[in-house]
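> here is a sequence with its predicted model. Questions after.
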Amino acid sequence: MPAADHERPAPAGPSRTRHPLRIPLHTSIVWFRRDLRLHDHPALVAALEGGGRVVALYIHAPQEEAPWSPGGASRWWLHHSLVALAGELRARGADLTIARGPSLAALQEVARASGATAIHWNRSYEPALVVRDGLIKSTLRAAGLAAHSHAGNLLFEPWTLKNGSGETFRVFTPFWRAAQARLTEVGPPLAAPATIAAAPAMAGLPLESLALLPRAGWDAGFAARWSPGEDGARARLAAFLADDAAGYAEMRDRPDVAGTSRLSPHLHFGEISPRQVLAIASATLERAGARRGTESFLREVGWREFGHHLLYAFPHTTEQPMDPRYARFPWRPDPGLLQAWQRGRTGIPLVDAGMRELWQTGWMHNRVRMVAASFLVKNLQQPWLDGARWFHDTLVDADLASNTLGWQWTAGCGADAAPYYRIFNPVLQSERFDPTRGYLRRWLPELARLPDPWLHRPFAAPAAVLAAAGVELGRHYPLPLVDLAGSRERALADWQGIRTPAQAPAAAPARRRRTGEGGDA
DNA sequence: TGAAATGTTGGGGCG
DNA sequence: ACGCCCCAACATTTC
């Protein structure tokens, strides 16, 4: 007896002609991962093609991302983003089914229970996920299921953008020049389906059972600041384009001004795609004529793209320096120094303000990230990987590709790395980029009464000034962990040592002698 | 997507 | 009036 599907009317639209009535309606799983949206979702569109029914599935499998499983801040975001996605699906007639990993077993079980014959997902590019997804795809196919991965989370697939030698770009500027030349190839975003033909509801897990929200109340400041989910993402982009994009080029480095897009967590979880960002930003700003701001903003989208392409080509860089010379760098690991940095108690105001902003909101202004990272790596000489792990655990936008790129850049061991001699002075950076001192005052209330010039450098303030402001260094606020000038000199010397590896004293004379002899060997 | 050291210039005080 | 010195202010070089 044919399935009941035969009696259903054929779906309207062009699919009717491509898929004659005699083919039974099929069921597909859409495996949602870091693409928690319904707009511009190639896997979802592919699953719905031909009038098929859909099981929308999210699988919680943090162990499959180890050692870079999502941290607490990221899990907080994920929880709320899944709530939002489930709401969007429900409004279109579908449920979000939640399962626990291992992902392969969950997919097989849901396929069996739903009768799905195909699985669609949008690709990820992190090393562990590339390996996992490859195994899953071949296993599913061997079991007779159709498994399709789609491009949906980058502007360009990493293997399609190469330099003249056919290699992955290692320097941002030529990378972005090549990408810009091909931006017209990036198609328009796909529309969100108005309705989703859902397969019968599956017995999934309640979201709460994933225990993504923290027990301790450290997330108190998060909800006021963030709106996870697809609606929140598009609202954030719209607000940025309306209010801040025109001045972005000038204001993006100012932590005392809310002039950045703050889209990073939305992009990380795929609540909005870079293709949407490109299309919406270009159209809006073309109308507004804010060309400089647009270019500057899209350039940052380019950095995200660059990080993903690099990580895809050099998967070992999550743990290993890209520049092999740094494998034997003389770091000076010190748990006490690391912990003081993590807690925002270094005695350097801009660094401490940033680390506290991070802890309390799950985010830190990009300029401050560079300064805080530079201080940890260069002045304190703590291993960049320790800093990368802390950022990964505490950022709502924690992203393995961007985080790896940023830390290796700071440490000088990355592909397009800061030159070894480029060492930030956190006090000068503070004076230059927080001229109103609004950022410092917000995050360092214990110093709020310190008069103007000294807020950037309390350790240099006259005793009378400190006393009048009610600040006793070492009690209300820490003394600096290190002397800035001295630690800078030490870093310069050590980094220069990596640049020109310690040679045997005989090396230079030996070379001279050989050239002098001319014809030997 | 630096900072500090060093070099140069030019105005003004002053003998 | 002139030369000398001092030192901002700016430019260049070096790490």
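It's in.

> which residues of chain A lie near DNA strand C?
Where proximity means C-beta under 7 Å from any atom of the strand, the interface of chain A facing DNA strand C comprises A:421, A:492, A:496. C-beta coordinates here come from the backbone N, C-alpha and C atoms, glycine included.

> now, of the residues you listed, which are buried?
Applying 16 or more other C-beta atoms under 10 Å to those, the neighbour count classes none of them as buried.

> longest strand of chain A?
Residue-count comparison of every strand in chain A, with assignments taken from DSSP state E, identifies strand A:53-60 as the longest.

> and it, what's its mean pLDDT?
Per-residue pLDDT values across strand A:53-60 average out to 97.

> same check, this time on stretch A:330-344
98.

> start and end of it, how far apart?
Between the opening and closing residues of stretch A:330-344 we find a distance of 25 Å, counting by C-alpha to C-alpha, to the nearest Å.

> and what of stretch A:340-355?
10 Å.

> not counting it itself, show me its contacts.
Outside stretch A:340-355, the residues that touch it by C-beta atoms under 8 Å, 6 or more residues apart in numbering are A:255, A:356, A:359, A:364-365, A:368-369, A:371-372, A:375-376, A:380, A:382, A:387, A:390, A:426-427, A:429-430, A:434, A:439-440, A:442-444, A:447, A:455-459, A:473, A:477-481, A:484.

> now the residue of chain A found nearest DNA strand C, nearest residue through space, not along the chain?
Residue nearest to DNA strand C within chain A: residue A:421 (3.8 Å; C-beta to the nearest atom of the strand). Nearest residue to residue A:421, sequence neighbours excluded (C-beta to C-beta, 6 or more residues apart in numbering): residue A:492, at 6.3 Å.

> mark out where each domain of chain A begins and ends.
Domain assignment for chain A by automatic domain parsing gives A:22-153, A:154-187+A:228-313, A:324-499.

> can I get these in a markdown table with distance to DNA strand B?
Formatted as a markdown table, the entries for the domains of chain A read as follows, by distance: least, C-beta to the nearest atom of the strand, whole Å:
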| stretch | distance to DNA strand B |
| --- | --- |
| domain A:22-153 | 19 |
| domain A:154-187+A:228-313 | 5 |
| domain A:324-499 | 4 |
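
> JSON lines for the ones you listed, including distance to residue A:213?
As requested, the domains of chain A are exported to JSON lines (distance: least, C-beta to C-beta, whole Å):
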{"stretch": "domain A:22-153", "distance to residue A:213": "5"}
{"stretch": "domain A:154-187+A:228-313", "distance to residue A:213": "12"}
{"stretch": "domain A:324-499", "distance to residue A:213": "13"}
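
> now do the SS call for the residue of chain A closest to DNA strand C.
Local secondary structure at residue A:421 is given as coil here, using DSSP: H, G, I helix; E, B strand; the rest coil.

> contacts only, for it.
Residue A:421 is in contact with A:492, A:495, A:496, counting by C-beta under 8 Å, 6+ apart.

> how far is the host helix or strand of residue A:297 from where the chain is centred?
Secondary-structure assignment from DSSP states H and E places residue A:297 in helix A:291-313. Computed by C-alpha atoms, centre = their mean, to the nearest Å, the chain-centroid distance of helix A:291-313 equals 12 Å.

> cool, stretch A:439-450 as well?
Relative to the chain's own centre, stretch A:439-450 is displaced by 29 Å; criterion: C-alpha atoms, centre = their mean.

> who does the helix holding residue A:297 touch, helix- and strand-wise?
Applying 3 or more C-beta pairs under 8 Å, 6 or more residues apart in numbering; DSSP states H and E, one finds that helix A:291-313 contacts helix A:172-181, helix A:248-251, helix A:274-288, helix A:400-411.

> can I get those helices in CSV including mean neighbour count?
Compiled in CSV, the helices and strands packed on helix A:291-313 are given as follows (neighbours: other C-beta atoms under 10 Å):
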stretch, mean neighbour count
helix A:172-181, 16
helix A:248-251, 18
helix A:274-288, 17
helix A:400-411, 25
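
> quick one, which of those is nearest to residue A:300?
When these are compared by C-beta to C-beta, helix A:248-251 sits nearest residue A:300, at 8.8 Å.

> which ones are touching the nearest residue in space to residue A:214 that is not next to it in sequence?
Taking C-beta to C-beta, 6+ apart as the measure, residue A:214 lies nearest to residue A:72, with 5.6 Å between them; neighbours along the chain are not counted. If a contact means C-beta under 8 Å, 6+ apart, then residue A:72 has A:214, A:218, A:393, A:394 as its contacts.

> so the second one, which state does it fall into?
This means residue A:218. The three-state assignment at residue A:218 reads coil, by three-state DSSP.

> again, but for the third one
Here residue A:393 takes the helix state, with states given by three-state DSSP.

> re earlier: dump the residues of chain A next to DNA strand C into JSON lines; add pLDDT as well.
Conversion of those to JSON lines gives the following (pLDDT from 0 to 100):
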{"residue": "A:421", "pLDDT": "91"}
{"residue": "A:492", "pLDDT": "94"}
{"residue": "A:496", "pLDDT": "91"}
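
> are we agreed that residue A:356 is in a strand?
No - inclusion of residue A:356 in a strand is not indicated when three-state DSSP is applied; the result is helix.

> ok, it touching residue A:445?
No - Residue A:356 is not in contact with residue A:445 according to C-beta atoms under 8 Å; the separation is 9.9 Å.

> which one of these two has more residues nearby?
Neighbours per residue (other C-beta atoms under 10 Å) separate residue A:356 from residue A:445, with residue A:356 holding more: 18 against 9.

> the closest residue to the more buried one other than its chain neighbours: neighbouring residues, count only.
Closest residue in space to residue A:356, ignoring its immediate chain neighbours: residue A:344 at 4.0 Å, by C-beta to C-beta, 6+ apart. As a burial measure, residue A:344 scores 22 neighbours (other C-beta under 10 Å).

> contacts only, for residue A:375.
Taking C-beta under 8 Å, 6+ apart, we find residue A:375 in contact with A:341, A:346, A:348, A:351, A:424, A:426.

> okay if I get those residues as CSV plus distance to residue A:77?
Listed next are the contacts of residue A:375 as CSV, based on distance: C-beta to C-beta, whole Å:
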residue, distance to residue A:77
A:341, 24
A:346, 27
A:348, 29
A:351, 25
A:424, 29
A:426, 29
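
> which two from those end up farthest apart in space?
Across those, the two lying at the largest distance from each other (C-beta to C-beta) are A:341 and A:424, at 14.3 Å.

> between those two, which one's more packed in?
Neighbours around residue A:341 and residue A:424, counted as other C-beta under 10 Å, are more numerous at residue A:341. The numbers are 25 against 22.

> which element is that one on?
With secondary structure defined by DSSP H and E, residue A:341 is part of helix A:335-342.

> which helices and strands sit right next to the helix or strand encompassing residue A:439?
In this structure, residue A:439 sits in helix A:438-443 according to DSSP H and E. Counting contacts by 3+ C-beta pairs under 8 Å, 6+ apart, the secondary-structure elements packed against helix A:438-443 are helix A:349-361.

> neighbouring contacts of the very next helix or strand once past the helix it packs on?
Sequence-wise, the next helix or strand beyond helix A:349-361 is helix A:366-374, with elements assigned using DSSP H and E. Residues from elsewhere that reach helix A:366-374 (C-beta under 8 Å, 6+ apart): A:252-255, A:260, A:341, A:350-351, A:353-355, A:357, A:364, A:384, A:387, A:391, A:406-407, A:410, A:423-424, A:426, A:429-430, A:433, A:439.

> tell me what angle helix A:366-374 forms with helix A:349-361.
Interaxial angle, helix A:366-374 versus helix A:349-361 (axes from the mean of the first three to the mean of the last three C-alpha atoms, to 10 degrees): 110 degrees.
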